[in-house]
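[1] after the sequence you'll find the predicted model.
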Amino acid sequence: MLSLIFLPPMQPAGRRERFDFAGAVTMGIGLLAFTLALTVGQNIGFGEPLILLLLAIGALALPAFVWIETHVRYPMVDLSLFREPEFSLNLFTATLAFIAIAGIALLLPFYLELVLGLPLSQVGLLMAVVPVIMILLQPASGTLSDRLGT
């Protein structure tokens, strides 16, 4: 709501491109099937026919999505970007960084509680340090980004 008040209205670019509906639906079906399979499979078992069906749907949706994206005029994902070594390397390193950060965020509370024996209240306070620092530094980082560029 505040963005409607404080941000200037955005005008669409002069050129309009079409939306890749087939790619969006295929990607949505594939991601939904995989997510449901992984989530529900934990409870009922991954050998159940429903879970195997969901995994098969997800596995079939991925090549279908790639095929659609290579054959439509305005793809959701321009797959030719992956031929650029700089793009692929940056994407790979960003993925590794995300895995490392997410792994630490997932395992650190257990380490603090189970290995170091800290009470849950102290674990919560320690886990809140990074988000609080990020909140405090965001205005300065925005100003610095405006000066130096992204």
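    Perfect, I can see it now. Predicted, not measured: the structure shown is a model, and the values here were computed from it. Numbering: from 1, shown residues only.
[2] now stretch 48-55: buried residues?
    By 16 or more other C-beta atoms under 10 Å, the buried positions in stretch 48-55 come out as 51, 54-55. Using the backbone N, CA and C atoms, a C-beta is placed for each residue, glycine as well.
[3] need the residues that contact it.
    Contact partners of stretch 48-55, identified using C-beta atoms under 8 Å, 6 or more residues apart in numbering, comprise 33-34, 36-37, 40-41, 44-46.
[4] will you turn those into JSON lines that also has pLDDT?
    What follows is those, written out as JSON lines (pLDDT from 0 to 100):
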{"residue": "Ala33", "pLDDT": "97"}
{"residue": "Phe34", "pLDDT": "96"}
{"residue": "Leu36", "pLDDT": "97"}
{"residue": "Ala37", "pLDDT": "97"}
{"residue": "Val40", "pLDDT": "96"}
{"residue": "Gly41", "pLDDT": "95"}
{"residue": "Ile44", "pLDDT": "94"}
{"residue": "Gly45", "pLDDT": "93"}
{"residue": "Phe46", "pLDDT": "94"}
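[5] chain center to the longest helix along the chain, what's the gap?
    Longest helix of the chain, by residue count under DSSP state H: helix 85-110. The chain centre lies 11 Å from the centre of helix 85-110; the measure is C-alpha atoms, centre = their mean, to the nearest Å.
[6] domain assignment for this protein?
    18-80, 84-150 (automatic domain parsing).
[7] how about the ones you listed in CSV, adding distance to Pro8?
    Listed next are these as CSV, based on distance: least, C-beta to C-beta, whole Å:
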stretch, distance to Pro8
domain 18-80, 25
domain 84-150, 16
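[8] what's the most buried one of those?
    Mean neighbours per residue, mean count of other C-beta atoms under 10 Å, is largest over the domains of the chain for domain 18-80, with a mean of 14.
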